[in-house]
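sequence and computational prediction follow.
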Amino acid sequence: MTARLHLTVDGPAAAPVLLLGGSLGTAAAMWQPQVPALAERFRVIRYDHLGHGRSAVPAGPYTLDLLGREVLRTLDRLDVPWVHYAGLSLGGMVGMWLAAHAPDRVRRLALLCTSAWLGPAGPWRERAATVRAGGLPAIADAVVARWFTPAFATARPNVVAAHRAMLTATSPAGYAACCEAIAAMDLRPDLDRIVTPTLVVAGADDPATPVAHAREIVGRVPGARLVVLDAAAHLANVEQPARVGRLLREHFEEPGG
C-alpha cells in the first residue's frame, strides 16, 4: 500500500496511539507545543493532510470522504486497529467523519476550533480560485489574522511569522483542493452517529469557527462536552499550549481510554 500521508511520530512504541490532524494550511509542526506532554503517555502520530506539508498532492478537488479514507488507509498500513484522535479545524472535520463512518477505529475524540458546516460554499470556492491564481501569499495575511488574537500577535511575532511561513509553504493545489472539500462538506447529519466520548474545544476569540459552531456540535453529539478558552483565536493550541495540552491529556487518559 503506497503511503500518501506524511507522518511524524513521537512517544513509546507500545503506548496507545494518539493521532493528531491539523488546520487547513498547516503541517505537523502546528502540534509541537503539545507533543512533549502527550508523548509521555501516548504514541503520538501527527499527519499532514493530503496536499499539505510533505504529504502527496493528488489532483483535486478533494472531499471529506477522500481525506478521511486516506487516514483509514494509513492506519491499515500501520496495522493500527484504533486510535484516539484530536483534530483542529480541518483536522476536526476529518475526525468527525472518522468517528461517524468508522466508529470502531476511534476510541476517544477531541475536536478543536472546528465546524460541522462552514458554508456557504461560494467563498471557499473563491478562495480556492484565488490561491490557484496567486499562491498562498495572496491570502496569507487575512488567514493569519484569524489564527491569532491581536494581543498574541503583538507579543509573539516570531511565532506568528513561523506559522505564516508554514502556510505559504503549503502546496497551492493542495490547499485549494482542501478548500473545495470544505465547500462541499456538511457533517451535521452525521453528528448523532458519533458514539465515542467527545471533547469539543473552542477559542473565545475565534472568527473562523466561532463558539456557536462548537455549541452546535455539542448539541448534536451525544454526551459531548464543551470547553471555551479565553484569549484564543483559531489556532488555540498555539495561543494556549499548556491549557490545550492538559485538556487533551486528561480527556484521553480518562478511564476506559
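That came through, no problem.

can you show me the helices along the stretch 51-200 of the chain?
64-78, 90-101, 121-134, 140-147, 150-155, 157-168, 172-183 (DSSP state H, counting those that start in this stretch).

now these as a markdown table including mean pLDDT?
Shown next, in a markdown table, are the helices of the stretch 51-200 of the chain (pLDDT from 0 to 100):
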| stretch | mean pLDDT |
| --- | --- |
| helix 64-78 | 98 |
| helix 90-101 | 98 |
| helix 121-134 | 98 |
| helix 140-147 | 98 |
| helix 150-155 | 98 |
| helix 157-168 | 98 |
| helix 172-183 | 98 |
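
of those helices, which is nearest Val244?
Nearest to Val244 among the helices of the stretch 51-200 of the chain is helix 90-101 (12.9 Å), distances taken as Cβ to Cβ. Just so you know, the C-beta spots here come from the backbone N, C-alpha and C atoms, and that holds for glycine as well.

packed most tightly, which of the helices of the stretch 51-200 of the chain would that be?
helix 90-101 (a mean of 26; mean count of other Cβ atoms under 10 Å).

any idea how far the most centrally placed residue in the chain is from Asp10?
Central residue of the chain (Cα atoms, centre = their mean): Gly91, 2.2 Å from the mean position. Relative to Asp10, Gly91 is positioned 17 Å away (Cβ to Cβ, to the nearest Å).

and the helices of the stretch 51-200 of the chain: which comes nearest His251?
helix 90-101 (12.8 Å).

close enough to count as contact, the residue nearest to the centre of the chain and Gly22?
Yes: the criterion here is Cβ atoms under 8 Å, and Gly91 meets it with Gly22 at 5.0 Å.

overlap of the contact sets of the two?
Counting by Cβ atoms under 8 Å, 6 or more residues apart in numbering, the common neighbours of Gly91 and Gly22 are His49.

host element of Leu248?
Element membership of Leu248, judged by DSSP states H and E, is helix 241-253.

alpha carbons only: can I get that helix in PDB?
Extracted C-alpha coordinates of helix 241-253, given in PDB (Å, rounded to 0.1, in the frame of the first residue of the first chain):
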ATOM      1  CA  PRO A 241      -0.400  25.500  24.600                       C
ATOM      2  CA  ALA A 242      -0.400  24.400  28.200                       C
ATOM      3  CA  ARG A 243      -4.100  24.500  28.700                       C
ATOM      4  CA  VAL A 244      -4.800  22.600  25.500                       C
ATOM      5  CA  GLY A 245      -2.200  20.000  26.300                       C
ATOM      6  CA  ARG A 246      -3.700  19.500  29.700                       C
ATOM      7  CA  LEU A 247      -7.200  19.200  28.300                       C
ATOM      8  CA  LEU A 248      -6.200  16.600  25.800                       C
ATOM      9  CA  ARG A 249      -4.100  14.500  28.200                       C
ATOM     10  CA  GLU A 250      -6.900  14.500  30.700                       C
ATOM     11  CA  HIS A 251      -9.500  13.600  28.100                       C
ATOM     12  CA  PHE A 252      -7.500  10.700  26.600                       C
ATOM     13  CA  GLU A 253      -6.400   9.400  29.900                       C
END
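
flag every buried residue along it.
241, 243-245, 247-249, 251-252 (16 or more other Cβ atoms under 10 Å).

relative to Val244, how far out is the residue lying closest to Leu38 once chain neighbours are set aside?
Spatial nearest neighbour of Leu38, chain neighbours left out: Val44 (5.1 Å); criterion: Cβ to Cβ, 6 or more residues apart in numbering. Val44 sits 14 Å away from Val244, going by Cβ to Cβ.

so how far is Tyr47 from the residue nearest to the centre of the chain?
The value you get for Gly91 to Tyr47, if Cβ to Cβ is used, is 9 Å.

quick one: common contacting residues for the two?
With Cβ under 8 Å, 6+ apart, Gly91 and Tyr47 have common neighbours 20-21.

Validate this expectation: Val201 resides in a helix.
No: under the criterion used here (DSSP: H, G, I helix; E, B strand; the rest coil), Val201 is strand, not part of a helix.
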